[in-house]
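Participant: need a 3D model of the following:
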Amino acid sequence: MLDSNLFGLTKNGIKMRLFNYFFALLILGSSSGCSESSSDRSTTSYSPNAHTTSNRVADIRFPEPITAGNRGGQDQYIAYEHFLTAELPAEEVEPVFHKLQLLCQQEMKKKCTILHSSLRNDEKPYGRIHLRIHPTGVDKIIDMASKQGGVIQRESKAEDLQDVIIDSQKRLEMLLQYQSRLIELEQKSASDIDTLIKVAEKLASVQSDIEYSQGKKAKLLKRIQMDEVEIELHSKSYTSFWSPILDSLSHFGENLSDGLSEAITAIAYLLPWMLIALFVFYLIRIIWRKTRT
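Facilitator: Take a look at the predicted model:
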């Protein structure tokens, strides 16, 4: 009887121990799963790669023109170009063209520089301005041109110059090291005239290469520090029903004189050929009559 009770107690104790072990393993598994899920969530929310990817996806979904307000922070080697084509009434093309030039001259703090400008003031006026300005002044220039007329096309382009700038920097450093070694060699070989002449020639060549590399580097740095903006101003192709008719009537005398001059010129060119054709026809007729007789 006692043994059976002990056996029953032992059996119950084993069951309780197995239950406790199973319950402890269940708690450990759930806690490790929670820790892993929380660590995954923290990694996803604070990962810079994930942030960059989300920015790229946003740029693809919303292809807005790139300006100083919406460009990213990692653009130290990116050169930006902006293109705008606007359509205006013919009489407003020239005033807006001069307003844009004046605005660029007034934006001295933005270091605005007109690289190229052209204006054609004829039946269909056309203006084009190509300028370089600090990124913070791009919006003001583009907004002014956009508000004056209807925007036909607006485009922003980014060019990555990181590889070019890094290669230029490495080449410049190599040239400077080479120059310092040539200077040391020049000092060591002060008594050898032939060596001095050769070293001097090399130094002059290296100095020229250094100046070229420095100029190229400065140009590239200016290219990424300043944005380029190109604005085209087109006149509206159709204004009113009577406008083409009035233009034709206003140029009637000029067109008539041009037509008469071209007709006289055509007669002057055709007259010798007509004489030659008549002479050939007369010879053929004489030969034909002789052959018949």
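Participant: so what's residue 112 up against?
Facilitator: 103-105, 131-134, 137, 141 (C-beta atoms under 8 Å, 6 or more residues apart in numbering). Every C-beta, even on glycine, is put in place using the N, C-alpha and C of the backbone.
Participant: any idea how far residue 132 is from it?
Facilitator: 7 Å (C-beta to C-beta, to the nearest Å).
Participant: likewise residue 222?
Facilitator: Distance, residue 222 to residue 132, using C-beta to C-beta: 8 Å.
Participant: hmm, back to that, pipe the contacts of residue 112 into CSV and attach neighbour count and secondary structure per row.
Facilitator: Converted to CSV, the contacts of residue 112 look like this (neighbours: other C-beta atoms under 10 Å; DSSP: H, G, I helix; E, B strand; the rest coil):
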residue, neighbour count, secondary structure
103, 18, helix
104, 21, helix
105, 11, helix
131, 24, strand
132, 18, strand
133, 22, strand
134, 15, coil
137, 21, helix
141, 23, helix
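Participant: redo the residues you listed as a markdown table? Include pLDDT and distance to residue 83.
Facilitator: Listed next are the contacts of residue 112 as a markdown table, based on pLDDT from 0 to 100; distance: C-beta to C-beta, whole Å:
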| residue | pLDDT | distance to residue 83 |
| --- | --- | --- |
| 103 | 89 | 18 |
| 104 | 88 | 16 |
| 105 | 85 | 22 |
| 131 | 92 | 12 |
| 132 | 91 | 14 |
| 133 | 90 | 14 |
| 134 | 90 | 18 |
| 137 | 87 | 16 |
| 141 | 88 | 12 |
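Participant: from the residues you listed, which single one is nearest residue 215?
Facilitator: Taking C-beta to C-beta as the measure, residue 215 sits nearest to residue 132 out of the contacts of residue 112, at 16.8 Å.
Participant: residues touching the closest one, list them.
Facilitator: Residue 132 sits next to 111-113, 115, 226-229 when contact means C-beta under 8 Å, 6+ apart.
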